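>>> got a predicted model here, sequence first, then my questions.
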Amino acid sequence: RLSKGEMVGLFQGNPEAGPRALGHRSLLFDPRQSDAIDIVNRIKGREWYRPCAISILSEQLSGHVEFPKHILSRDMTINYIANEEAKRKMPGGIHVDSSCRFHCVDRDTNSGLRAVIEEFHKMTGVPAVINTSMNLAGEPLIHTAKQAVDLVDRSEVSAVYFADLGRIYEK
């Protein structure tokens, strides 16, 4: 679904605390589309200028950024400068000033999101996905599985993957 330009949800473990979607309650999208942020913001009902992050396989970060190359951000708190490879492969997540808030995903801390990105990488050659919080504008973050299913039923999000169960709910 991701490789076909659909927005999907990822639901696993306990919800995150704080302002970042670190893969427990996330909406994911294909970063290869140059207008990806516009599409994400439209689906979520957000203002056009709202940014999203790119979740990337940790070992792939240094090959996609100019600076800082060797500092891994597992909490989406560092702005990196994307290199030409990143701009070519994932233009939808790179800002006009070449910056991007990459979220480094490793096997030990986020196996569910990691598995999704690894599969997307096999299918597309891109080791990353756009990641934003699982909610619509003006609504709280999704907490329960029932809320995640409801979000799919009433929005353009096409499915949610319940990683802990290995199951997908789709329209």
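Great, that's in hand.
>>> residue 150 should be in a strand, yeah?
No - read with DSSP: H, G, I helix; E, B strand; the rest coil, residue 150 is helix and lies in no strand.
>>> quick one: contacts for the most centrally placed residue in the chain?
Closest to where the C-alpha atoms of the chain average out (Cα atoms, centre = their mean) is residue 131, at 1.7 Å. With contacts defined as Cβ atoms under 8 Å, 6 or more residues apart in numbering, the neighbours of residue 131 are 21, 23, 26-28, 52-55, 103, 113. No exception for glycine: its C-beta is placed from N, CA and C like everyone else's.
>>> just flag the most distant two among those residues.
Largest separation among the contacts of residue 131 by Cβ to Cβ: 52 and 113, giving 14.5 Å.
>>> what about residue 161, which helix or strand?
Per DSSP states H and E: residue 161 is located in strand 159-162.
>>> show me what that strand is packed up against.
Packing partners of strand 159-162 (3 or more Cβ pairs under 8 Å, 6 or more residues apart in numbering; DSSP states H and E): strand 8-11, helix 145-153, strand 167-170.
>>> roughly how far does residue 125 sit from residue 17?
34 Å (Cβ to Cβ, to the nearest Å).
>>> I should have written residue 24 there, sorry.
Residue 24 is 10 Å from residue 17, by Cβ to Cβ.
>>> count of neighbours near residue 73?
18 (other Cβ atoms under 10 Å).
>>> same question for residue 163.
Neighbours of residue 163 (other Cβ under 10 Å): 21.
>>> and for residue 1?
15.
>>> dump the residue contacts of the residue lying closest to it once chain neighbours are set aside.
Nearest residue to residue 1, sequence neighbours excluded (Cβ to Cβ, 6 or more residues apart in numbering): residue 8, at 5.1 Å. By Cβ under 8 Å, 6+ apart, the contact set of residue 8 is 1-2, 27-28, 157-161.
>>> identify whichever of the helices and strands packed on strand 159-162 lies nearest to residue 99.
When the helices and strands packed on strand 159-162 are ranked by proximity to residue 99 (Cβ to Cβ), strand 8-11 comes first, at 24.4 Å.
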